[in-house]
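In: Output the structure for:
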Amino acid sequence: MPPINEFKCDKCGFQLPSGWGGYMYVTDQTGKRIVCPHPCEFATVSQVLGANAPRELIQQRTGFNSDCLCLDCLKEFNIDLKRDARACPHCNSNRIGSLQELVDGPCPKCKEGTIQEIVTGAWS
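Out: Here you go, the predicted structure:
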């Protein structure tokens, strides 16, 4: 089970989504991404693709949407970093970062603090 951590600036308190950085999804026949809630991700995959879906189909139609932040407009959104264009859906900037990429880096809001990953002790 993944830890549920907090992500925030140690100077201004700017806070990003808590959790482990994103979520698994499966695409239905129309291409819509269906969230696979933890800890039963593969139950959702089976519901969408069928109980006997071949491994190749599962690999083609599942992915991980990462929690991301636009470094220009500061909007939060989710994208699959392996499949989607690295562009903000709000302002089209390509200056984006996933939660994990932002940890230990400069705060995108105040530019003075550092984004810290804070272990909460909670688990999903």
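In: By mean pLDDT, which helix or strand of the protein comes out lowest?
Out: Every helix and strand of the chain was ranked by mean pLDDT, DSSP states H and E. The lowest is strand 115-123, at a mean of 87.
In: That strand: how far from the chain's middle?
Out: Computed by CA atoms, centre = their mean, to the nearest Å, the separation of strand 115-123 from the middle of its chain amounts to 16 Å.
In: hmm, who's touching it?
Out: 1-10, 14, 16, 18, 99, 102-108 (CB atoms under 8 Å, 6 or more residues apart in numbering). The C-beta positions use only the backbone N, C-alpha and C, and glycine is treated the same way.
In: mind listing what it pairs with, with the direction of each?
Out: strand 3-9 (antiparallel) (DSSP bridges).
In: Buried ones in the partner strand, by neighbour count?
Out: Asn5, Phe7, Lys8, Cys9 (16 or more other CB atoms under 10 Å).
In: Show residues contacting that strand.
Out: Under CB under 8 Å, 6+ apart, the answer for strand 3-9 is 14-20, 99, 102-103, 107, 109-110, 113-124.
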